[in-house]
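*Asks:* Here you go, sequence then predicted model.
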Amino acid sequence: MSNVLVMTDTVACLPKELADKHGIKVVPASQITCDGKTYTEGVTISARQAYDIIKKDPDSFATAAITPGILLEEFSKLAKKHPSIFFVTISSGLSAVAQSANLAADLLKEEYPQSRVLAFDSKTCAGAEGMIALEMAKQAARGKGLDELAGLAAAMRKKTGGVLMLDTVGYTYRTGRMTKTEAIEAAKSNIKPVNRMSDAGIIEFATLVTDRLEGLKKMIEVVKKDAGTDALHFMVSHADAPDTAQLLVDLLKKEFKCLSMIVSDYSPVMGYSTGPGAIFVGFHPELNL
């Protein structure tokens, strides 16, 4: 049995059955509010329910990053059974989860001085983040300690990539990068941006397409360039677009030596600004950790 509990946030897009199988504790990356009600992702609202709301009334859907107080409460519960916690977070370039986790970890020491929480900034999100958390859980089960996991995760992070395609830019005004009018007008052109996760942990523009299949093929081109090998593990996450996800899975299996494949929902915490139809693929080669 592992001496270290591995945690991650919901943006890692890990299927519940997989997280449960490997003993990974998943906490919400954000609180979701809609029409005055607050929801917990994956507990009181499903991904499909969230995307239904986003499609019908995106402006009623809002998120607020998880606070240090909420994380401290969670850490305090877990510390009673798990003195060591390794928390794989969404990139600090995209969210304040890592910062909140570090603050909560410092506060935890006052109540449980023998406990230790190490928040690891994955510098990525979605399937790429989830794959790091999954591998660290496997390593923890093999007896690796907290500091060993930190070193292994840092090594894995360098080999893990992620590519994202939006089906529409109609929701990108939620990021503040363009006005709602500009986003809606741009969406009429059927523009579909293809982006990649940079080494700095931010979403970096790669190219534009106007056709979904063309976009999936462009995603594969980016994966090939970034991975440098054709033997890869994959995790595909989709924003209420299972057919698109299956199409990408089929293309990946055709173009690569697929070592493993996971398909999951793309967290609506990010999907509120990428919009329904978005698709993300995380990938890494075989690891010698």
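*Replies:* Yep, that arrived.
*Asks:* In contact with the spatially closest residue to residue 160 that is not a sequence neighbour: list those residues for me.
*Replies:* Excluding the flanking residues, the one nearest residue 160 by Cβ to Cβ, 6 or more residues apart in numbering is residue 284, at 4.3 Å. Placement of C-beta: from N, CA and C, glycine included. Residue 284 makes contact with 128, 131, 156, 159-161, 227, 232-233, according to Cβ atoms under 8 Å, 6 or more residues apart in numbering.
*Asks:* what do you get for residue 259?
*Replies:* Under the criterion of Cβ under 8 Å, 6+ apart, the neighbours of residue 259 are 231-233, 286.
*Asks:* for the stretch 151-289 of the chain, what spans make up the strands?
*Replies:* Applying DSSP state E, counting those that start in this stretch to the stretch 151-289 of the chain gives strands spanning 161-165, 192-197, 203-209, 231-238, 257-265, 279-284.
*Asks:* can those strands go into JSON lines with extra columns for mean pLDDT?
*Replies:* Formatted as JSON lines, the strands of the stretch 151-289 of the chain follow (pLDDT from 0 to 100):
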{"stretch": "strand 161-165", "mean pLDDT": "98"}
{"stretch": "strand 192-197", "mean pLDDT": "96"}
{"stretch": "strand 203-209", "mean pLDDT": "94"}
{"stretch": "strand 231-238", "mean pLDDT": "98"}
{"stretch": "strand 257-265", "mean pLDDT": "97"}
{"stretch": "strand 279-284", "mean pLDDT": "98"}
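*Asks:* of these, which approaches residue 88 most closely?
*Replies:* strand 279-284 (12.5 Å; Cβ to Cβ).
*Asks:* Could you figure out how far the closest one is turned away from strand 257-265?
*Replies:* Per axes from the mean of the first three to the mean of the last three Cα atoms, to 10 degrees, the angle that strand 279-284 makes with strand 257-265 is 140 degrees.
*Asks:* Could you list the buried residues of strand 279-284?
*Replies:* 279-284 (16 or more other Cβ atoms under 10 Å).
*Asks:* Partner strands of it and their direction?
*Replies:* strand 161-165 (antiparallel), strand 231-238 (antiparallel) (DSSP bridges).
*Asks:* circling back to that earlier point, I'd like the buried residues of strand 279-284 laid out as TSV, including distance to residue 145.
*Replies:* Shown next, in TSV, are the buried residues of strand 279-284 (distance: Cβ to Cβ, whole Å):
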residue	distance to residue 145
279	36
280	31
281	31
282	26
283	28
284	22
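*Asks:* Could you single out the nearest of these to residue 107?
*Replies:* residue 282 (31.4 Å).
*Asks:* now the closest one: how far from residue 25?
*Replies:* To residue 25, residue 282 is 20 Å away according to Cβ to Cβ, to the nearest Å.
*Asks:* for residue 105, same thing?
*Replies:* 14 Å.
*Asks:* try residue 11
*Replies:* Separation of residue 11 from residue 25 (Cβ to Cβ): 14 Å.
*Asks:* Compare those two (neighbour count), which wins?
*Replies:* residue 11 (30 against 18; other Cβ atoms under 10 Å).
*Asks:* From what I see, the more buried one and residue 95 are in contact.
*Replies:* Yes: contact criterion Cβ atoms under 8 Å: residue 11 and residue 95 qualify, at 7.2 Å.
*Asks:* Next, show the common contact partners of those two.
*Replies:* residue 29.
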